[in-house]
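Undergrad: need coordinates for the following:
(2 chains)
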Amino acid sequence: MPVSGSDTPAITCRNVWQVFGKNADSALKQALSQHDTPQAAADDLRARGLVPAVQDASFEVQEGELFVIMGLSGSGKSTLIRCISHLLHATGGEIRIDGENIVEASPKRLIELRRKKLGMVFQHFGLFPHMTVAENVAYPLRVQGMKKSQRMAKAQEVIDLVGLGGRERHYPRELSGGQRQRVGIARSLVADCSVWFLDEPFSALDPLIRRQLQDEFLEIQAKLKTTIVFITHDINEALKLADRIAIMRDGKIVQIGTPADIVLRPADDYVREFSRDVAKGQHARVASVMQTGDGLAHGPDDPGLRQDMTLDAALARCMELYEPVPVRAPDGQLVGVVNPADLAAALQVEQP
Amino acid sequence: MTQLTKGAQAALLAAIVGALCLLLEGVAPWLVQFPKAWVLPATDWVGAGVEWFLLLIKPAARAFSALLFYPMEAASAALNQTPWPLLIAAATALGWMLGGLRMALMALVGLGFVLASGYWSEGMNTLALVAVSVPLALLIGGGIGILANEYPRIRGPVQATLDVMQTVPTFAYLTPLLVLFGFGPVVGLIASAIYAAPPMARNVLLGLQRVEPEIKEAAVMSGGTRLQQLFQCEIPSAGRQIMVGVNQCLMAALSMVIIAAVIGGFDDIGWEVLLTMRKAQFGQSLLAGLVIVIFAILIDRMSGTLTEDRRQRHDPRVAWGILGLGVLASVLFWGSLGSAEDYTLFNPVADRVDAGLSAFTTANAAALTALKNNVMFYVLLPLRIGLDQAVLPFTWGFAWTPAMSAALFAAGAALGLLCAWRGHLALGLMLLIAAGMLETGISQLPWPFVLAGAGALAWVAAGRGLALLTVVLLTTILVSGLWERALLSLYLSGAAVFACTLLGGGIGLASALSPTVWRVVRPVCDMLQTIPLFVFLIPVLMVFQIGEFSAFLAIIAYAIVPMIRYTRHGLTETPAEMIEAATASGATRWQMLRDVRAPYAAPSILLGLNQTILYAFAMLVIAALIGTTGLGQSIYLALGKADVGLGISAGAAMAILALIADRIVQGFAEDRRRALGL
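TA: Sure thing, here's the model as predicted:
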C-alpha cells in the first residue's frame, strides 16, 4: 500500500534513467555496475550506440508545489516527464507518486492511477479530431464508464473554468491555438487529478496568447492547488511560474533551485548563459541580498523596503541613498538591512 | 582503377561479361542459351507440392465456399429481385447523402445508362459479388492492419507479404483457387477478397501509425484501456486514411471480380465483355465495357467522398424523398415499366458502332497496317530478337550483314569513348552495352550477361544485399525453365515502359508547364486510373486485332498514367523559396526547369517510373488474353488447364521480375532523396 501523509513528497524521483536502443535494460545495468559515476556510465552507453536520454535524475516535488523542468530541445525534459507519467517505462531508477513506485505498477493499476490521479497537457494539444470540445473534455470520464448526462455536466464545469463556455459543440479544427490548449487543459482537469503534468503547454502559441494563458494558468493553480510538473524551454516562463526549477542539459539535471537561485547563483556556465538574458531585477527579491542578524546599523532614511520586493522595485526607492537601509516585514518589524550598493551590484554580477 | 565511380564499375562489369559471352558464343553455346539439361523440373515440383497442400485443405476450403454460397445467393437475389426503380432511387439517395446534387445526378445518370444498355442483370450479378467480397476484404484487411500495428514484431513480415501480394499478377491467384474451390463464382469472390484485402491492411496500418503521438498519449493519460484507446481514439483519428483504404479495396474488388470472369460460370458483366469480344461484336463489348466503367466511376467517386477532409452535411430528408419516389414508382408503374431486360435502347447504337468500325478499318486498312507494321518492324522486333535477325529484306528492305554489326559496335564504341573522354565513363559504357543489346535482342540476351547486368544495377541502386537477392532470384527463374518466357515478358514490358517514360514524361512536362494542358490531361488520367484493366483491351482490339502490338498499346494506355502524374507533381512541387532564389539569381524559365525543378523532381519521377513498371507488369498478364507470349501467356494457359505448378511458378517469376525492378528503382529514388536531403 502506498504510504501517504503530509510529509511524503507528492513525487519522488531517485536515480531515474531512460535509455533508448537495443537491450537498453541490460546495457544500463551493466554500465552502472562497471562505472562509478553516472557520467562514465552514460559515456559508455553512448559509445555502444545507445541513447541515454535521461541520466540519473533525482528530485522531489512537494504537494501543491509548481515544479518546472527547463532545458533546450533534446535535453531530455520531455522524456523525463514521460517517465514520471509512465508514458515511457523508465529504464532504471525509482519514481514514486504519493509514495507508490509507479515503475513497478501493473498495467491495471496504471490505468486506475491515470483515471483518478494524473492529468496531462500536451505541447500540440493532442486533441481527438473526431470529437467535439465537450466530448474531448469528457473523454477521461467516458473511459471510466460514467453516464453521459453526468459526464457532460462535469465537463461543462471545467469548460467554463477555462473560459470556453459556448464552444462545447465545436470541433478542434474550428478553434484557434489558444482555444485548443484550453480544451487540452480542461480535459486534463476533468477527472480531478492531484498530479498535473504539462509538457510545454504554451510553446506552440504566439507570445500574447501565451502570456494570457500563463496568467489564467496561475489563477487555476491558485484555485486547485494541485502538484504540478511543468516543462518549458523558456527561462522567462519558468521564472514566472515556478516554485522551483530544475535545469536539464544533455539528459542530466544540472541545477535545482528557486527562481532567485537560478538567476543569482547559477551552478555553471550553462545556467549562467540562460539567465544572462533575464532581467534579474524582476525575479530576484530583496531577501536574497539582505543582511540579517542582531545589531545591524542602518542610516536615517527608511524608503520602506520589504523583503519580498523585487530588486528593481527596491532599487527604484533608494536611488539617492548610500547608507544601509532597513528592510521590514509587512507589520513594520525590522527583519534586516540592505546596502543600496549591494542592490546595484546584484544586478551586475552573480553572487558566489 | 580505384578512381572509378560505382556506376562505372558496374557498367564495366556488365560490358565485360556481355563481350565475353558474345566472343565465346562459337566456342561455348551454353553461355548464350541456357542448356535444357540444366533446367530443374521445378514447375512440376511446385505443382506437386502445392497440389498436395491444396488437397489437404480442400475439405475446409469447400466448406468455406459452401458457406459463402449463401450470402452470395442472397446478395444476388436481393439485387436482381428488387425493382430497378427502387435500386436506382436508393443509389441516388446514397449519392445525395455522400456528395450532394453532383453525386446524386451521377448515380442517376450512370445507373440509367446501365439500365438502358440492357446489361442490368449482368451488372447486378457483378455488384452482388463485390457486395460480398468487399466486407470480407475489409474485415481481413482491417484485422491484419490492426494486428500489425499492435504487434511490431509481425509488422515487418506482414509488410513484406503485402509487398509480394501486390506484385503477384492477378491471374496467378486464380489457378490455385480454382483447384481449391472448383469452377464457379465463389472463386471470383474469394480471389477478389484476397486481392482487395492488402490495400485495406496497408492503409489501416499506415493510418494508425500516422496518428499523432500526442493523441495516442492523450488517450493513454485519459486512463483508457488498450481497446478503448484503439477503438475510441486511434481508429477514428486515422479515419481518413482508412477510408482511402476502403476506396482502394472497393476498386480492387471490382477489378478482380471482372478479371475472374475468365473462369466463367457466372453470368456477370465481365463474362459478357469476353463473350462479345470473342464474337467480335465490338459495339456490344464496348457497351458492356462502359457499364463496367460506370460502376467503377460511381464506386470510386462515391467512396472517394468519404476520404475528403471536411465533408458537407447533406439534408437526409432529400434522400428519404428520393427513396420514397423510388418506392412510389415501383408500386404504381410496376406493370407498365417492365423488367430490366427489356431495355436495350443502345443496341442500334452498338450495331452502328460495329458497322462504322468495319467501315473505318476497311477504309483505313492500309494506314492502320502500316502503323502497326512500322512499329513492329522498326521498334518491337529489333528489341525482341535484335537487329541481326529483325533486319530482313522483307521488313527493312535489306539483310543485316556482319559488317553492319561491326559498324554498329564501332559507332557505339566511338560514342562511348567520346563520353568517357568527357568524363562520363559510366554513360559511355552504357552506350556500348546498349549497342550490344540492340544487336542481340532482349529475348536472346546471354543469361550470364543478364545476371551480371541486373546484379550490377542492383548493387549501384541499393548495395550488396539487393545485388545478391537479384542474382539469386533471377537464377531461380533460370533453372526453373521459365527463362525464355521471362525474357519475352521483360522485352514487352520494357518496351512499353520505355514508351511510357518518353510519352508520359513529355505529357507530364507539358502539364507542368501549362495549366491548360493539365486541365485536359487530368480528367483523362483520372478516367484511365478508374477503368478496370480488362476494359483497356476492347478499343485496341477493335482497331488492331489480336497480337503483340495491341497488347503493347493496352499496356501503354494503362501504365502511362503514373508517369504523367508523378512527373508533373515533381516538377510543380518545387518549394517556392527555391523558385524565388533561382528567379532572384536571374535564371530563365528553361534554366529554372533544368537546374532547379528537374533535380528536385528526380525522386518523384523515379517513383512514377516505379509505379509505371508495376502497372505494366500487371497489365502484361491481362494482355495475354489478346495474344502476347511470355509469362503472362503461361499463367493464362495454366488457368485454362488448371495447372497449378505452371500457374504458380509463372506467377512467381512475374512477381520476381516486378519485385527486382521495384527495389532497384526505389533504391535509385532513395539515393536521390538522400542526396537532396529530403
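Undergrad: show me what from the stretch 151-300 of chain B comes close to chain A.
TA: On the criterion CB under 8 Å from any CB of the partner chain, chain A has as its neighbours in the stretch 151-300 of chain B the residues B:212, B:214-215, B:217-225, B:228, B:232-233, B:236-237, B:239. In short, each C-beta sits where N, CA and C put it, glycine included.
Undergrad: so which bits of the stretch 101-250 of chain A are right by chain B?
TA: Contact residues of the stretch 101-250 of chain A with respect to chain B, defined by CB under 8 Å from any CB, are listed as A:111-112, A:114-116, A:118-120, A:122-131, A:139-140, A:142-144, A:173, A:184, A:187-188, A:191, A:197.
Undergrad: which stretches of the stretch 251-352 of chain A have low pLDDT?
TA: Along the stretch 251-352 of chain A, the parts satisfying pLDDT under 70 run over A:277, A:279-281, A:347-352.
Undergrad: that one: strands as residue ranges?
TA: For the stretch 251-352 of chain A, the strands identified by DSSP state E, counting those that start in this stretch occupy A:252-257, A:305-306, A:325-328, A:334-338, in order along the chain.
Undergrad: cool, chain A as well?
TA: The residue ranges that make up the strands of chain A, judged by DSSP state E, are A:11-20, A:51-61, A:66-70, A:92-97, A:100-101, A:118-121, A:195-199, A:227-232, A:244-249, A:252-257, A:305-306, A:325-328, A:334-338.
Undergrad: mind putting those into JSON lines with mean neighbour count and distance to residue A:78?
TA: Listed next are the strands of chain A as JSON lines, based on neighbours: other CB atoms under 10 Å in any protein chain shown; distance: least, CB to CB, whole Å:
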{"stretch": "strand A:11-20", "mean neighbour count": "20", "distance to residue A:78": "11"}
{"stretch": "strand A:51-61", "mean neighbour count": "22", "distance to residue A:78": "9"}
{"stretch": "strand A:66-70", "mean neighbour count": "24", "distance to residue A:78": "9"}
{"stretch": "strand A:92-97", "mean neighbour count": "20", "distance to residue A:78": "16"}
{"stretch": "strand A:100-101", "mean neighbour count": "15", "distance to residue A:78": "22"}
{"stretch": "strand A:118-121", "mean neighbour count": "26", "distance to residue A:78": "12"}
{"stretch": "strand A:195-199", "mean neighbour count": "23", "distance to residue A:78": "6"}
{"stretch": "strand A:227-232", "mean neighbour count": "24", "distance to residue A:78": "6"}
{"stretch": "strand A:244-249", "mean neighbour count": "23", "distance to residue A:78": "10"}
{"stretch": "strand A:252-257", "mean neighbour count": "18", "distance to residue A:78": "14"}
{"stretch": "strand A:305-306", "mean neighbour count": "19", "distance to residue A:78": "39"}
{"stretch": "strand A:325-328", "mean neighbour count": "21", "distance to residue A:78": "41"}
{"stretch": "strand A:334-338", "mean neighbour count": "19", "distance to residue A:78": "41"}
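Undergrad: wait, residue A:244 touches residue A:255, no?
TA: No: the pair residue A:244 and residue A:255 does not pass the contact test of CB atoms under 8 Å, sitting 10.4 Å apart.
Undergrad: ok, and for the worst-scoring helix or strand of chain A on mean pLDDT, which residues are buried?
TA: Ranked by mean pLDDT, DSSP states H and E, the helix or strand of chain A with the weakest confidence is helix A:340-348, at a mean of 75. Within helix A:340-348, the residues scored as buried using 16 or more other CB atoms under 10 Å in any protein chain shown are A:340, A:342-343, A:346-347.
Undergrad: now for the residue lying closest to residue A:224 once chain neighbours are set aside, how many residues are close by?
TA: Taking CB to CB, 6 or more residues apart in numbering or on different chains, and ignoring the residues beside it in sequence, residue A:224 has residue A:189 as its nearest neighbour in space, at 7.4 Å. As a burial measure, residue A:189 scores 21 neighbours (other CB atoms under 10 Å in any protein chain shown).
Undergrad: ok, residue B:676 to chain A distance?
TA: Between residue B:676 and chain A the computed distance is 25 Å (CB to the nearest CB, to the nearest Å).
Undergrad: and the residues of the stretch 151-300 of chain B next to chain A, which of them are buried?
TA: Once neighbours are counted (16+ other CB under 10 Å), the buried part of these comes down to B:214-215, B:217-224, B:228, B:232-233, B:236-237.
Undergrad: looking at those, which are in helices?
TA: Secondary structure from DSSP state H places B:214-215, B:217-221, B:228, B:236-237 of these in helices.
Undergrad: good, wrapping up.
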